[in-house]
Each structure stands twice: as C-alpha cells, then as structure tokens.
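> Need the 3D shape of this:
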Amino acid sequence: MLMAHPAVLPGLVDRYWALSVLDAAEGGSPVRAEMEAVERALCVATGTTDVHAALIAARHQLPGTGTLDDSVLSSG
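Alright, predicted model coming up:
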C-alpha cells in the first residue's frame, strides 16, 4: 500500500480542513481551486480516489493515531 511521507500527510490534512472552513465561509473560486488541489494531493498520497476515503486513510496513517472502527472500509 502507498504510504505518504510522515512529514507531508499531516500538512495536507491540516490544509484541507483550513481550506474547507474558508470555502464554506467565502465560496470563492481561488479557495475552491486550492482546495481541489489539496484534495487531489491527499488522494494521491493515500492511494484513494475520493477525499473522504483519503481522510479516513490519512487518519490511520498519521503517527500517534490508533485504529478506530474501520468497518466502513470492509468489503462485507
């Protein structure tokens, strides 16, 4: 499985959340464009195709985080 460098992933997650607040408040296109770039980077860094899955994968990859209920990721 692809693993992002430990120094990169926390910054991407933090940037995503900061931009999501700005996007909700302003909805401006420069903010949206940067947010989409961060979403793509998160997906590439975690080997996923959707930002929600990328955030879940990032949570499991970040140092100091334990595994939580990941039943949503199971195949059934």
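> any chance you could map the helices in this protein?
9-25, 29-46, 51-61 (DSSP state H).
> now these in TSV, with mean pLDDT and mean neighbour count?
Glycine gets a C-beta too; all of them are placed from N, C-alpha and C. Below are the helices of the chain laid out as TSV (pLDDT from 0 to 100; neighbours: other Cβ atoms under 10 Å):
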stretch	mean pLDDT	mean neighbour count
helix 9-25	86	15
helix 29-46	89	16
helix 51-61	89	18
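> Roughly how far does Leu42 sit from Ala54?
Leu42 sits 4 Å away from Ala54, taking Cβ to Cβ, to the nearest Å as the criterion.
> Overlap in contacts, these two.
Taking Cβ atoms under 8 Å, 6 or more residues apart in numbering as the contact definition, Leu42 and Ala54 share the neighbouring residues Thr48.
> list the contacts for the nearest residue to Met35 once chain neighbours are set aside?
When the adjacent residues along the chain are set aside, Met35 lies closest to Leu19, with 4.2 Å between them (Cβ to Cβ, 6 or more residues apart in numbering). If you count contacts by Cβ under 8 Å, 6+ apart, Leu19 has them with Val31, Glu34, Met35, Val38.
> Next one: Leu19 from Ala45, what distance?
With distances defined as Cβ to Cβ, the gap from Leu19 to Ala45 amounts to 16 Å.
> now swap in Met35 and tell me
Between Met35 and Ala45 the computed distance is 15 Å (Cβ to Cβ).
> what's the answer for Leu12, then?
Between Leu12 and Ala45 the distance, using Cβ to Cβ, works out to 6 Å.
> circling back to that earlier point, mind checking how far the residue nearest to Met35 is from Leu12?
In this structure, Leu19 lies at 10 Å from Leu12, with Cβ to Cβ as the measure.
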